[in-house]
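*Asks:* Give me a 3D structure for the following:
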Amino acid sequence: MWEKPSARILPDGRRLLLQQGPIDLVIEAVGEQSAVKAAHEAAILRFDGLLAELCDELKLLRTALSRTSPLPLGSVARRMHAAVAPFAETSFITPMAAVAGSVAQEILGVMCQAAPLARAYVNNGGDIALHLAPGGQFRIGLVKRPDRPEFFATATIRPEDGVAGIATSGYPGRSFSLGIAEAVTVLAPTAAMADAAATVIANAIDLPGHPAVERRPANSIQSDTDLGERLVTRDVGPLAKDEIETALAAGLAEAESLRAAGLIVSAAMHLQGVSRTLATPMIVQEKPERRLARA
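*Replies:* From the prediction side, this is the model:
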């Protein structure tokens, strides 16, 4: 049984923190004071009960998606289902691949419905749902690894870019990965799609059977994982330059395919000191001089 949801304003006086069980949401809304207050109240109200809704359908959400999979009942669960559906034909994937982005998107949605905001975001452990009014922008740092706040690139997002979701996946992160990428960051039209696509691209960056890659069955690490006995990456030893390039090329090819299909806007990936991005002016590979919002 989870503890009751909690809500508090962080010490900076601007951001709202919502917590319950495994969910930690950091929220910022920019606008008139009354609008920000209304947005925060809407977020708190919707957050209460959201985890219970997901738990009610957890068995279905942890099951690999197929053509015959039943449609979930809850709005967040349905968003998860829709986000992973484009990938179900060609790979193993469950709706859980889009859970963090879908939750962030749900909360942002009620905030924007409650009040007019100049800018707002909901950050769910690095998976971000983003709202920008005309003329606004949002600058983020792209991490080398999800578990370390070190950036290899920056991205400046504007409303006309069509990006409302940002997500990062990689084997050192909080979720399991079948691939060897340390970080894959995806910019997409929705947070749910960014989350699902980051998982798929990160899985594609791989060197199957390579002796430097340590893998273990997912359920030997976490008994209730949706990945079952599938081997997940736990560590990657030193790789040759051509091996790194081969693995990243597979990720780039997957990302290009998803962009051509209109599922994502851009992507960046990092493996053992080497970074690659889809050609787009919004992402610049550099070392930021200051700490930015973490993707």
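*Asks:* Now do the strands in the stretch 51-200 of the chain.
*Replies:* 119-124, 127-132, 138-145, 148-157, 165-169, 183-188 (DSSP state E, counting those that start in this stretch).
*Asks:* strands paired with the first one, and their directions?
*Replies:* Strand 119-124 has these partner strands in its sheet, going by DSSP bridges: strand 23-30 (antiparallel), strand 127-132 (antiparallel).
*Asks:* looking at those strands, which is buried most?
*Replies:* The highest mean neighbour count among those belongs to strand 127-132 (a mean of 26), with neighbours defined as mean count of other CB atoms under 10 Å. C-beta coordinates here come from the backbone N, C-alpha and C atoms, glycine included.
*Asks:* For the helix ranked longest in the chain, list the C-alpha coordinates in PDB.
*Replies:* Under DSSP state H, the helix in the chain containing the largest number of residues is helix 241-260. Only the C-alpha atoms of helix 241-260 are listed here, as PDB (Å, rounded to 0.1, in the frame of the first residue of the first chain):
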ATOM      1  CA  LYS A 241      36.300   2.900 -31.800                       C
ATOM      2  CA  ASP A 242      34.800   1.000 -34.700                       C
ATOM      3  CA  GLU A 243      32.500  -1.000 -32.300                       C
ATOM      4  CA  ILE A 244      31.300   2.200 -30.800                       C
ATOM      5  CA  GLU A 245      30.600   3.700 -34.300                       C
ATOM      6  CA  THR A 246      28.700   0.500 -35.300                       C
ATOM      7  CA  ALA A 247      26.500   0.600 -32.300                       C
ATOM      8  CA  LEU A 248      25.700   4.300 -32.600                       C
ATOM      9  CA  ALA A 249      25.000   3.900 -36.300                       C
ATOM     10  CA  ALA A 250      22.300   1.400 -35.500                       C
ATOM     11  CA  GLY A 251      20.700   3.900 -33.100                       C
ATOM     12  CA  LEU A 252      20.900   6.700 -35.600                       C
ATOM     13  CA  ALA A 253      19.300   4.600 -38.200                       C
ATOM     14  CA  GLU A 254      16.400   3.800 -35.800                       C
ATOM     15  CA  ALA A 255      16.100   7.500 -34.900                       C
ATOM     16  CA  GLU A 256      16.000   8.500 -38.600                       C
ATOM     17  CA  SER A 257      13.300   6.000 -39.200                       C
ATOM     18  CA  LEU A 258      11.200   7.300 -36.400                       C
ATOM     19  CA  ARG A 259      11.600  10.900 -37.500                       C
ATOM     20  CA  ALA A 260      10.600  10.000 -41.100                       C
END
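*Asks:* Specify the angle between it and strand 183-188 in degrees.
*Replies:* Using axes from the mean of the first three to the mean of the last three CA atoms, to 10 degrees, the inter-axis angle of helix 241-260 relative to strand 183-188 is 20 degrees.
*Asks:* Could you list every helix and strand in contact with helix 241-260?
*Replies:* Contacting helix 241-260 under the criterion 3 or more CB pairs under 8 Å, 6 or more residues apart in numbering; DSSP states H and E are the following elements: helix 191-204, strand 266-271, strand 274-277.
*Asks:* Next, format these as CSV and append distance to Ser91.
*Replies:* Rendered in CSV, the data for the helices and strands packed on helix 241-260 read as follows (distance: least, CB to CB, whole Å):
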stretch, distance to Ser91
helix 191-204, 7
strand 266-271, 17
strand 274-277, 21
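*Asks:* would you list the ones you listed in TSV and tack on mean neighbour count?
*Replies:* Output for the helices and strands packed on helix 241-260, formatted as TSV (neighbours: other CB atoms under 10 Å):
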stretch	mean neighbour count
helix 191-204	31
strand 266-271	27
strand 274-277	18
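*Asks:* where among these is the average confidence lowest?
*Replies:* Out of the helices and strands packed on helix 241-260, strand 274-277 stands lowest, with a mean of 90 (criterion: mean pLDDT).
*Asks:* Name the strands paired with it and say parallel or antiparallel.
*Replies:* The strands that strand 274-277 pairs with in its sheet are strand 266-271 (antiparallel) (by DSSP bridges).
*Asks:* Just the residues contacting the strand it pairs with, thanks.
*Replies:* With contact meaning CB atoms under 8 Å, 6 or more residues apart in numbering, strand 266-271 is reached by 142-145, 152-153, 155, 163, 170, 180-187, 197-198, 201-202, 205, 239, 244, 247-248, 251-252, 255, 258-259, 275-278, 280, 282-283, 285.
*Asks:* Switch the strands of the stretch 51-200 of the chain over to TSV; also include mean pLDDT and distance to Pro95.
*Replies:* As requested, the strands of the stretch 51-200 of the chain are exported to TSV (pLDDT from 0 to 100; distance: least, CB to CB, whole Å):
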stretch	mean pLDDT	distance to Pro95
strand 119-124	97	15
strand 127-132	97	14
strand 138-145	86	25
strand 148-157	83	26
strand 165-169	95	15
strand 183-188	95	16
